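[1] Predicted model, plus sequence, below.
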Amino acid sequence: MIKLKVNNKEVEVPEGATVMQACEAAGEEIPRFCYHERLSIAGNCRMCLVEVEKSPKPVASCAMPVADDMVIKTNTEKVEKARKGVMEFLLINHPLDCPICDQGGECDLQDQSLYFGKSTSRYEDTKRAVEDKNFGPLIKTVMTRCIHCTRCVRFMDEVAGTHELGAINRGEGMEIMAAIEGGITSELSGNIIDLCPVGALTSKPYAFTARSWELNHNNSIDISDAVGSNIRIDEFNGEIKRILPRENDKINQEWLSDKGRFFYDGLSNQRLDKPFYKKSSKLVPCDWSLALKIIVEKLKLTNPDNVAAVSGALTDIETMYTAKEFFKNINVNNIDCRFNLSNIPTSNASDWLFNSGIENIDKIDKLFVIGCDPRREAAVLNSRIRQRWLTGNLDILSLCTPNDLSYKFKSLGDDISSLCNITVQNNIKRFFENSKFPMVILGDSILTSKQGENIHNLVKIICQDLNIIRSDWNGFNVLNKYASRIGGLSVGFVPYDGGMSALNIKNSLKDSKLKILFLIEADDFDVNIKDLKNAFVIYIGHHGDRYAGSSDIVLPTTAFTEKKSLFVNLEGRPQFTKKITSNLGKAVDAWKIFKALDQKISDKIKFNNHSELLKSIFENYPSISNIGNYVAQKWIKTNKKKVLLTSEKNNFNTNNFYQTCSISRSSENMANCVKTILKSKKVKDEFI
């Protein structure tokens with residue numbers, strides 16, 4: 001530790017800390033534009049100048065390392081004059097756009113010019129104008145406002161890893177530009193909006209829709225993937241205006257994927273607001289009592305073995321728990337949350353969780369990625385892997401993954417059967433030798449293969465044999481990509497007592513053996529729409545998506561911003577969404593539908609409101625009650641000694657990152673991304 005003085009106050013900071021960090025440890029606020037805690041140091045805005053004893057001129061505190069017995073002053077006349085001079089230069093060419101700028105009320109330049117700048121300007125010459133750039137359908141640019149802090153450039157290089165922005169020219173002619181015309185293709189591009197300290201980069205969908213001080217801020221979680229990123233949803237007059245990330249070092253740091261940030265407009269498009277039933281081959285509106293009556297009559301006339309239910313990507317725990325209780329009461333055991341036909345084991349939590357925890361990616365030294373696309377399946381988690389890789393302390397091996405994961409790795413190819421090859425096994429063994437914190441990431445994507453169960457077992461055997469599982473460390477991780485999956489597995493929304501899995505349900509539909517099918521927000525159930533004609537289909541969801549039009553009964557439910565609901569992220573961390581907007585039309589929380597059906601048939605479900613429902617869930621599944629935290633699960637060894645795999649080639653590249661659920665498919669923002677960014681990406685790939 002190093003001791004020094006800041007404004008005559010003694011502080012102690014770690015070796016390698018900067019003068020700025022020492023000043024903040026002493027409680028002094030240092031203005032800055034280019035510096036950011038999670039990016040490399042640029043030292044090019046000079047706003048953070050402080051006075052250091054024996055230094056002939058003020059120094060940039062963000063770039064100066066501390067030394068023993070250093071004496072720092074942050075509030076002298078010399079420092080004040082220096083900062084005013086820097087601010088004056090920054091404002092030479094900055095336009096007077098404050099009344100029409102979307103950054104107004106949240107602008108670092110605005111705030112700091114008030115506290116650290118002059119009240120008058122000495123410059124009367126014509127201001128420089130810069131042509132706006134095309135950064136795609138999500139980011140609005142007004143580059144005349146840019147102060148060249150290069151935060152956006154460093155973010156794209158260091159965190160996103162796509163190297164799509166850079167600076168051209170020098171001095172007054174410097175401009176920030178995209179490397180290739182056509183927009184930014186990174187899945188994390190929206191974060192440069194938050195990083196920009198001025199109004200040069202703002203949200204294109206949010207532009208001119210509201211002022212920051214008019215918005216109501218609500219803390220919630222992102223359900224566009226399984227990471228469980230913490231977010232803030234801003235609402236005005238009952239409408240969602242924007243979504244921003246909340247800082248949480250244990251999960252998403254302060255980043256958010258573009259899908260989670262911009263798919264919110266889909267919440268108001270193609271919504272279901274009333275029940276429907278099929279009459280003369282057409283869906284016609286009806287009231288709730290008629291819809292429920294038809295379902296009850298059908299259930300009473302049907303053998304429970306011919307009834308099945310599949311839940312989808314956005315289904316909350318309350319719904320799956322209540323549905324499971326209802327189906328148990330009527331002896332239906334054909335239920336499954338694995339709508340993508342995954343063969344992931346369902347008996348032990350350590351078999352489906354990201355056991356190491358997202359936060360511990362920061363200390364791993366060896367990583368083996370198998371059968372997934374982390375860059376697009378969990379963009380924020382992938383960025384954390386990249387940040388660890390940039391330290392130079394992480395070696396990465398891959399099998400059956402895309403080639404553009406934003407970090408360098410050694411690939412073992414695209415054939416999963418190579419895991420059984422002795423030479424490959426020896427290479428993996430050598431790779432993990434002497435590793436202190438080894439990690440294996442197995443994708444749920446590859447578990448959708450017919451060999452999924454065998455693949456899972458073989459990877460478990462490898463982890464056990466190579467000491468990747470220890471008493472103090474569990475390096476076996478499954479990368480799930482759906483917000484509902486861990487919750488469904490945790491409360492047992494899976495087949496029991498010989499019930500049919502999602503794959504068997506699909507086959508039964510094809511063979512016309514299934515009579516009634518409940519699709520609970522299961523818009524991505526991998527089934528042929530033609531096969532749905534062979535059964536009586538009850539669609540429960542909030543969007544008129546893929547299967548709503550092919551159903552016999554359609555029941556409208558609330559979306560995640562219209563209810564308080566529980567989700568568990570991929571590492572097993574339970575978190576709540578928040579009710580922000582009111583229910584649309586006659587839509588209700590989905591769990592209430594199964595409660596109402598139970599009352600009409602068996603009347604065995606005892607809870608009557610949300611708090612009683614949560615109490616019942618927590619009593620039966622205590623691990624879910626630890627809100628905001630996750631508990632390490634006991635590792636259960638596989639009994640198998642040897643597993644053989646047949647040749648199966650796939651790199652599991654996600655072709656369309658932007659439209660993976662009913663909300664994102666209803667989003668204009670996401671549709672624009674598909675039209676422009678995916679097209680631009682194809683051009684870039686061909687160019688490269």
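    That came through, no problem.
[2] got the contact list for stretch 82-89?
    Contact with stretch 82-89 is made by 31, 45-47, 49, 58, 112-113, 116-118, 121-123, as judged by CB atoms under 8 Å, 6 or more residues apart in numbering. For glycine as for every other residue, the C-beta is placed from the backbone atoms N, C-alpha and C.
[3] Cross-reference those with the strands and report the matches.
    Among these, the subset assigned to strands under DSSP state E consists of L49.
[4] Is it possible to mark the buried ones in the contacts of stretch 82-89?
    Burial by neighbour count, judged by 16 or more other CB atoms under 10 Å, picks out P31, C45, R46, M47, L49, P58, Q112, S113, F116, G117 from those.
[5] if I look at the last one, how far off is D365?
    Distance of G117 to D365, computed by CB to CB, to the nearest Å: 47 Å.
[6] repeat for the first one
    Using CB to CB, P31 is found at 38 Å from D365.
[7] Quote the end-to-end distance of stretch 326-333.
    Distance between the two ends of stretch 326-333: 10 Å, counting by CA to CA, to the nearest Å.
[8] and if you look at stretch 34-52?
    Stretch 34-52 stretches 21 Å from its first residue to its last (CA to CA).
[9] ok, and for it, which residues are buried?
    34-36, 39, 42-52.
[10] can you check stretch 91-100 too?
    Taking 16+ other CB under 10 Å as the criterion, stretch 91-100 shows L91, N93, H94 as buried.
[11] Same question for stretch 664-679.
    Of the residues in stretch 664-679, those scored as buried under the neighbour-count criterion (16+ other CB under 10 Å) are S664, R665, S666, S667, N669, M670, A671, N672, C673, V674, T676, I677.
[12] okay if I get the contacts of stretch 82-89 as a markdown table plus distance to S550 and pLDDT?
    Putting the contacts of stretch 82-89 into a markdown table (distance: CB to CB, whole Å; pLDDT from 0 to 100) gives the following:
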| residue | distance to S550 | pLDDT |
| --- | --- | --- |
| P31 | 59 | 94 |
| C45 | 57 | 92 |
| R46 | 63 | 92 |
| M47 | 59 | 93 |
| L49 | 66 | 95 |
| P58 | 70 | 93 |
| Q112 | 57 | 92 |
| S113 | 59 | 91 |
| F116 | 62 | 89 |
| G117 | 62 | 87 |
| K118 | 67 | 84 |
| S121 | 65 | 79 |
| R122 | 70 | 83 |
| Y123 | 66 | 79 |
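[13] can you map out the helices along the stretch 51-200 of the chain?
    Listed in chain order, the helices of the stretch 51-200 of the chain (DSSP state H, counting those that start in this stretch) span residues 77-90, 108-116, 151-155, 191-195.
[14] just the angle between the second one and helix 77-90, please?
    Put plainly, it is helix 108-116. Orientation check (axes from the mean of the first three to the mean of the last three CA atoms, to 10 degrees): helix 108-116 against helix 77-90 gives 140 degrees.
[15] Restricting to C-alpha, output helix 108-116 in PDB.
    Extracted C-alpha coordinates of helix 108-116, given in PDB (Å, rounded to 0.1, in the frame of the first residue of the first chain):
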ATOM      1  CA  ASP A 108     -21.600  15.400 -18.400                       C
ATOM      2  CA  LEU A 109     -20.400  18.400 -20.500                       C
ATOM      3  CA  GLN A 110     -23.400  20.400 -19.400                       C
ATOM      4  CA  ASP A 111     -22.900  19.600 -15.700                       C
ATOM      5  CA  GLN A 112     -19.100  20.100 -15.700                       C
ATOM      6  CA  SER A 113     -19.200  23.300 -17.600                       C
ATOM      7  CA  LEU A 114     -21.500  24.700 -14.900                       C
ATOM      8  CA  TYR A 115     -19.200  23.700 -12.000                       C
ATOM      9  CA  PHE A 116     -15.800  23.900 -13.600                       C
END
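[16] quick one: low-confidence parts of the chain?
    When the per-residue scores of the chain are filtered using pLDDT under 70, the ranges that remain are 680-688.
[17] which residues touch D234?
    With contact set as CB under 8 Å, 6+ apart, D234 has these partners: A210, L215, N216, H217, N218, I240, K241, R242, I243, L244.
[18] quick one: which of those residues is most hemmed in?
    Of all these, I243 has the most neighbours under the rule other CB atoms under 10 Å, reaching 24 neighbours.
[19] contacting residues for it?
    Contacts for I243 were tallied using CB under 8 Å, 6+ apart; they are D222, I231, R232, I233, D234, L256, G260, R261, F262, Y264.
[20] Would you check that the last one makes contact with E239?
    Okay, so that is Y264. No. Look at Y264 against E239 with CB atoms under 8 Å: they stay out of range, at 9.5 Å.
[21] And those two? Which one has more around it.
    Between Y264 and E239, counting by other CB under 10 Å, Y264 is the more crowded of the two (26 against 15).
[22] got a list of what that one touches?
    Y264 touches I233, I240, R242, I243, T561, S667, counting by CB under 8 Å, 6+ apart.
[23] For beta bridges, what are the partners of the fourth one?
    Following DSSP bridges, I243 is listed with bridge partners I233.
[24] now it: how far from N334?
    Applying CB to CB to I243 and N334 gives a distance of 36 Å.
[25] Ok, the second one next?
    Applying CB to CB, one obtains 36 Å for the distance of I240 from N334.
[26] again with the fifth one
    Look at T561 and N334: by CB to CB, they are 31 Å apart.
[27] Name the residue in these two with the higher neighbour count.
    Regarding T561 and N334, a neighbour count based on other CB under 10 Å identifies N334 as having more, with 26 against 21.
[28] dump the residue contacts of that one.
    Contacts of N334 (CB under 8 Å, 6+ apart): D305, V307, A308, A309, P495, G499, M500, N504, I505, L514.
[29] so where do the helices sit in the stretch 551-688 of the chain?
    If DSSP H, counting those that start in this stretch is used as the criterion, the helices of the stretch 551-688 of the chain fall at 590-601, 610-620, 662-665, 668-687.
[30] Mind putting the buried residues of stretch 664-679 into CSV with distance to L405?
    Output for the buried residues of stretch 664-679, formatted as CSV (distance: CB to CB, whole Å):
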residue, distance to L405
S664, 22
R665, 25
S666, 29
S667, 26
N669, 25
M670, 22
A671, 26
N672, 25
C673, 20
V674, 21
T676, 23
I677, 18
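[31] between those residues, which is nearest A291?
    Comparing these against A291 with CB to CB picks out S666 as the nearest, at 22.6 Å.
[32] Run through the residues that contact that closest one.
    So, once contact is read as CB under 8 Å, 6+ apart, S666 ends up touching G266, L267, N269, Q270, R271, H543, D545.
[33] what about 6 Å?
    With contacts defined as CB atoms under 6 Å, 6 or more residues apart in numbering, S666 is in contact with G266, N269, Q270, H543.
[34] Weed out the non-buried ones from the residues you listed.
    Members of those that pass the buried threshold by neighbour count (16+ other CB under 10 Å) are listed as G266, H543.
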